[in-house]
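> Got a predicted model here, sequence first, then my questions.
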Amino acid sequence: MDKNKNVPVAASNSAQLPETELNIEIGAMDLCFSGTRAALVAEGLIPDGFEWPEGRKSAWWKSEKQEFQLWRIRPPGHKGTLRTWQTCDWWHVRVRLLNGPSWEDLLIQQKVAEIARLKWQFSAAGARATHDMIRRMDAAAADGEFQAFKALLPGLSGKPKGRSAKAAAQS
């Protein structure tokens with residue numbers, strides 16, 4: 001079968017996947033899209049004249065500011081072996097900025113932000129903010145009207161729903 005035409009779906013459970021479903025994962029350094037060939041093309045991720053890889057092979061290409069990698073992945077809910085899904089129409093595209101920050105740069109930025117947060121937390125201003133928050137929490141716990149209002153809200157009442165395990169065992 002021509003590799004640029006429709007790829008047959010190897011297993012019946014993956015044939016039930018919607019053709020327009022597209023899953024998007026946002027990472028620290030990249031965006032990942034998973035979906036059918038039609039969904040990826042409709043999203044504008046695949047260039048014109050693109051030659052789709054066969055089996056487990058992957059394809060790389062670049063645009064002006066981005067780098068793309070495409071490969072076939074196991075469809076959601078598919079329970080077969082690699083051989084049963086390596087011809088399925090379910091693809092993964094990773095998009096990464098060219099000349100973007102490296103993992104090392106991102107890790108350093110995170111650590112610098114964490115140190116700044118810790119410095120503030122242990123400063124006089126941070127101690128005041130913590131003290132004020134605890135004072136507000138104590139005032140809310142002592143406020144009878146607020147506690148009565150909370151008791152009306154499902155999930156905040158603190159009362160277990162249904163019978164307890166002990167009561168169920170006794171009956």
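Nice, thanks for sending it over.
> Buried residues of stretch 71-90, list them for me.
The neighbour-count check on stretch 71-90 (16 or more other C-beta atoms under 10 Å) flags 72, 74-75, 78, 85-86, 88-90 as buried. For every residue, glycine as well, the C-beta is placed using N, CA and C.
> would you turn these into TSV with pLDDT, distance to residue 43 and secondary structure?
Shown next, in TSV, are these (pLDDT from 0 to 100; distance: C-beta to C-beta, whole Å; DSSP: H, G, I helix; E, B strand; the rest coil):
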residue	pLDDT	distance to residue 43	secondary structure
72	94	17	strand
74	91	20	coil
75	89	18	coil
78	85	22	coil
85	84	22	helix
86	84	23	coil
88	88	19	coil
89	91	15	coil
90	93	15	coil
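> Dump those into CSV; add distance to residue 58 as well.
Output for the buried residues of stretch 71-90, formatted as CSV (distance: C-beta to C-beta, whole Å):
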residue, distance to residue 58
72, 8
74, 15
75, 17
78, 19
85, 15
86, 12
88, 15
89, 16
90, 14
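> Might you list the low-confidence residue ranges for the protein?
1-18, 157-171 (pLDDT under 70).
> where exactly do the strands run in the protein?
Shown for the chain, the strands assigned by DSSP state E span residues 22-26, 30-35, 58-62, 66-72, 91-97.
> Which residues does stretch 129-139 contact?
Contacts with stretch 129-139, where a contact means C-beta atoms under 8 Å, 6 or more residues apart in numbering, come from residue 121.
> now it, how far from the centre of its chain.
34 Å (C-alpha atoms, centre = their mean, to the nearest Å).
> Report the separation between the closest residue in space to residue 55 that isn't next to it in sequence and residue 139.
Spatial nearest neighbour of residue 55, chain neighbours left out: residue 86 (5.0 Å); criterion: C-beta to C-beta, 6 or more residues apart in numbering. With distances taken as C-beta to C-beta, to the nearest Å, residue 86 is found 62 Å from residue 139.
> Contact partners for the residue positioned nearest the centre of the chain?
Note on the chain: the residue nearest the mean C-alpha position is residue 25, at 4.8 Å, using C-alpha atoms, centre = their mean. Listed by C-beta under 8 Å, 6+ apart, the contact set of residue 25 reads 31-34.
> beta partners for residue 24?
Beta bridges link residue 24 to residue 33 when assigned by DSSP bridges.
> quick one: contacts for it?
31-33.
> I'm done for today, thanks for sticking with me.
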